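Enquirer: quick one: sequence and predicted model below, then my questions.
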Amino acid sequence: MRPRGLYILTRSFTHDYRRESKEFEQITVRIKIARHNRKFVTLQHEIHSAAQGLLGHGEQSLMFVDRDHYNPLDIPGEVIKGFLPYWPKESRLSANYRPVNIQDAAKRQA
């Protein structure tokens, strides 16, 4: 991505600590896009240790603002394009998105 006239800000951050890791212990951090709308992206994270399992998990909500006036912006197209392989499958932006046919859903409920 080339630099643009925007900032990416953290709107909110939560983390549930389960255990502490030992000093210099190798850990794995897993991040995925949990949900999004036009202006916000929420990332979920998990921190794992081979020895102790799940160390913690949480979420971070990001927003995009204009660098000059701090007005909220829609998620920039190049951000969407760069992260498209990682969008949730139920997102309309995902290549694997399949809209639910209302008739099929009604048949399943009957």
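Expert: Okay, I see it. Numbering: from 1, shown residues only.

Enquirer: tell me the strands in this protein, going along the chain?
Expert: In the chain, the strands defined using DSSP state E lie at 6-17, 27-36, 40-49, 53-66, 72-73.

Enquirer: reformat these as a markdown table; add mean neighbour count and distance to residue 89.
Expert: Yep, even glycine has a C-beta here, placed from its N, CA and C like the rest. Below are these laid out as a markdown table (neighbours: other CB atoms under 10 Å; distance: least, CB to CB, whole Å):
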| stretch | mean neighbour count | distance to residue 89 |
| --- | --- | --- |
| strand 6-17 | 12 | 24 |
| strand 27-36 | 13 | 10 |
| strand 40-49 | 17 | 14 |
| strand 53-66 | 16 | 19 |
| strand 72-73 | 16 | 25 |
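
Enquirer: where does the prediction get shaky in this structure?
Expert: Along the chain, segments meeting pLDDT under 70 span 1-4, 92-110.

Enquirer: how about the residue nearest to residue 58 when sequence neighbours are not counted, what does it touch?
Expert: Take residue 58 and drop its neighbours on the chain: the residue closest to it by CB to CB, 6 or more residues apart in numbering is residue 15, 3.5 Å away. Residues in contact with residue 15 (CB atoms under 8 Å, 6 or more residues apart in numbering) are 45, 56-58.

Enquirer: and those residues, which is closest to residue 28?
Expert: residue 45 (10.8 Å; CB to CB).

Enquirer: of all the strands of the chain, which lies closest to residue 86?
Expert: Between residue 86 and those, the shortest separation by CB to CB is 5.6 Å, and it involves strand 27-36.
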